[in-house]
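Participant: I need the structure of the sequence given here:
(one chain, ligands or ions: 2)
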Amino acid sequence: MNRRDFLLTASAAATLPNVSRAMGQFDLIAEAVEAQILPAGDYSATRSFGFNGGLPGPEVRAQQGQRLDVHLHNKLDEGTAVHWHGIRLQNAMDGVPILTQDIVNPGSTHAYQFTPPDAGTFWYHSHYLSHEQVARGLMGPLIVEETTPPDVDHDITAILADWRLDEAGQLTDDFATMHDVAHAGRMGNFARAFLPDLLLQEGARIRLRLINAATDRIFPLTLTGLKGKIVALDGMPLASPREFETIDLAPAQRADVIADVEDALEIAMATREGSYLLGQLAIDGEVEPRASAIPTLPSNDVPHPGNVAQDLVLTMQGGAMGGRHGGDNIWAFNNLSDLQPAPFASFQRGETARIRLVNDTSFPHGIHLHGHHFFEVRDDGSHGDLRDTTLVQAGETQDIVCVFDNPGKWMLHCHMLSHQAGGMKTWVEVL
Ligand code: C2O
Ligand code: CU
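Facilitator: Ligands and ions are numbered 1, 2, ... in the order given. This is a model prediction of the structure:
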């Protein structure tokens, strides 16, 4: 694909995402699929991976506090495992091969059972060779509904991703090349949002759940046709809804927007060449708009930080134009690359810790902690947003504060999955 093709956008794409709703007990089948990623008619389907016949995988829906019982069947020719991103679950269900479970081999089945404690927008994805398997499509939305959901006409999930495709619309298999890993990661030459097939009414109120499922791309998003606010980030409600012009979503980050429809919805990203349309929903008819303000979502029950018992520093190192470091892969944290036998830190259960994330590299990194949410500390020292993935720009520092209350072994890594493959990962232990 050349640059002109890259500027081709998803506007003409008429494909349906895999919209089956899975609740309670269900089967998730990892398998090879053919998916219409590029606009139908002009391009053939792409041979890829998916769940239950398509990509993204089915939208998994649970009620807050409702037990999910998922049977993962691996019908691929390679191993896999599924991670439930952002869910504060039991360690054994976290889906990280070697650290929390064995690889699910071809032909075998693995049961995941957990009760999501928090309502919000989450997602699931492969955590085995994830820089490759997520790029191939092993990902899907995981929505945990509030007991009393906000009053909206449509609850819309938009999965954002990009693909690197050849002239025939097939995935190139150049995963984890030295060049991509050492730079910003493996960027696709085509990007789009997967949206449900529906029409909007002018005046309707919608909830839009944006999920960045790309392996390495940060999406600088603009939403046109809506008037509303951000109500949650990474599944966690904001104390009060927030105005926005653009929304920057690092890989794995989510944003929930509640808004009133004023015109056709266009989800686009800013690029150097201009605005790139990722997806749209057209208007059909109108309804009486609501007079009420954009609601605040009920907060989740995340433990409040106590006195800081440990003050830690985690320095990101390496990559192109980065300094030397002591690790033996392209990227490192504190001079160590890849998962080491010993954790970066150990915590007594319930301990509050502050971690200074120092980006001593020439690229941004989206740092994700498993099994917990943490507060981003603002410049004035106060606790900011509650997140599971924080974007730290090149040369910058971000402090986070977390109550480590979930026992087990938890990964802490860059969610630019090519960087993770290049060594930017570690783990912590909660005793
Ligand atoms: Cu979204 Cu370690 O993963
Ligand atoms: Cu990174």
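
Participant: residue 136: neighbour count?
Facilitator: Residues near residue 136, counting by other C-beta atoms under 10 Å, number 24. Glycine gets a C-beta too; all of them are placed from N, C-alpha and C.

Participant: for residue 103, same thing?
Facilitator: 16.

Participant: how about the one 4 residues further on?
Facilitator: For residue 107, the tally of surrounding residues (other C-beta under 10 Å) stands at 10.

Participant: is it in contact with residue 74, as I believe?
Facilitator: Yes: applying C-beta atoms under 8 Å as the test, residue 107 and residue 74 come out as touching, 6.6 Å apart.

Participant: show me where the protein has its helices.
Facilitator: Under the criterion DSSP state H, helices of the chain are mapped to 3-7, 130-136, 178-182, 417-421.

Participant: list the helices and strands the longest one packs on?
Facilitator: Using 3 or more C-beta pairs under 8 Å, 6 or more residues apart in numbering; DSSP states H and E as the contact criterion, the elements in contact with helix 130-136 are strand 46-51, strand 120-126, helix 417-421.

Participant: if we go to 6 Å?
Facilitator: Counting contacts by 3 or more C-beta pairs under 6 Å, 6 or more residues apart in numbering; DSSP states H and E, helix 130-136 is packed against strand 120-126, helix 417-421.

Participant: can you check the third one too?
Facilitator: Helices and strands touching helix 178-182, by 3+ C-beta pairs under 6 Å, 6+ apart: there are none.

Participant: wondering if that helix reaches ligand 2 at all.
Facilitator: No: Helix 178-182 is not in contact with ligand 2 by C-beta under 5 Å from the ion; minimum separation 9.6 Å.

Participant: what is in contact with residue 107 and residue 74 at once?
Facilitator: Common contacts of residue 107 and residue 74, defined by C-beta atoms under 6 Å, 6 or more residues apart in numbering, are absent altogether.

Participant: thinking again about what came up before, tell me which of the helices and strands packed on helix 130-136 sits nearest to residue 161.
Facilitator: Shortest distance between residue 161 and the helices and strands packed on helix 130-136, using C-beta to C-beta, is found for strand 120-126: 10.5 Å.

Participant: identify the bridge partners of residue 31.
Facilitator: Here residue 31 shows beta-bridge partners residue 50, assigned using DSSP bridges.

Participant: try the one 4 residues further on
Facilitator: Using DSSP bridges, the beta-bridge partners of residue 35 come out as residue 46.

Participant: need the contact list for the nearest residue to residue 163 once chain neighbours are set aside.
Facilitator: Of all residues not flanking residue 163 in the chain, residue 188 sits nearest, at 4.4 Å (C-beta to C-beta, 6 or more residues apart in numbering). By C-beta under 6 Å, 6+ apart, the contact list for residue 188 reads 162-164.

Participant: from ligand 2, how far off is residue 188?
Facilitator: Using C-beta to the ion, to the nearest Å, one obtains 17 Å as the distance from residue 188 to ligand 2.

Participant: any idea how far stretch 70-78 is from the chain center?
Facilitator: Offset of stretch 70-78 from its chain centre (C-alpha atoms, centre = their mean, to the nearest Å): 21 Å.

Participant: go on, stretch 161-181?
Facilitator: On C-alpha atoms, centre = their mean, the centre of stretch 161-181 falls 19 Å from that of its chain.

Participant: would you mind extracting the C-alpha trace of it into CSV?
Facilitator: Provided in CSV are the C-alpha atoms of stretch 161-181 (Å, rounded to 0.1, in the frame of the first residue of the first chain):
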residue,chain,number,x,y,z
ALA,A,161,-7.3,-0.3,15.3
ASP,A,162,-4.8,-0.1,12.4
TRP,A,163,-3.4,-2.7,10.0
ARG,A,164,-0.4,-3.0,7.8
LEU,A,165,-1.8,-4.4,4.6
ASP,A,166,-0.2,-5.2,1.2
GLU,A,167,-1.7,-4.4,-2.2
ALA,A,168,-4.0,-7.4,-2.0
GLY,A,169,-5.4,-6.2,1.4
GLN,A,170,-3.5,-9.0,3.2
LEU,A,171,-1.6,-8.5,6.5
THR,A,172,2.2,-8.2,6.1
ASP,A,173,4.0,-10.5,8.4
ASP,A,174,6.8,-8.1,9.3
PHE,A,175,6.2,-8.2,13.1
ALA,A,176,8.8,-7.0,15.5
THR,A,177,11.3,-5.8,13.0
MET,A,178,14.3,-4.1,14.5
HIS,A,179,13.3,-0.8,13.0
ASP,A,180,9.7,-0.8,14.2
VAL,A,181,10.6,-2.1,17.7
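
Participant: which residues of the stretch 251-400 of the chain lie near ligand 1?
Facilitator: Residues of the stretch 251-400 of the chain lying close to ligand 1 (C-beta under 6 Å from any ligand atom) are 252, 368, 370.

Participant: OK, contacts around the closest residue to ligand 1 within the stretch 201-350 of the chain?
Facilitator: Nearest residue of the stretch 201-350 of the chain to ligand 1, counting by C-beta to the nearest ligand atom: residue 252, 4.7 Å away. Going by C-beta under 6 Å, 6+ apart, residue 252 touches 85, 368, 389, 415.

Participant: what's the burial count for residue 234?
Facilitator: Residue 234 is flanked by 24 other residues according to other C-beta under 10 Å.

Participant: likewise residue 314?
Facilitator: For residue 314, the count of nearby residues is 19 (other C-beta under 10 Å).

Participant: ok, what's across the strand from it?
Facilitator: Note on residue 314: beta-bridge partners by DSSP bridges are residue 357.

Participant: residue 219 too?
Facilitator: Taking DSSP bridges as the rule, residue 219 bridges to residue 249.

Participant: same question, residue 386
Facilitator: Beta-bridge partners, per DSSP bridges, of residue 386: residue 375.
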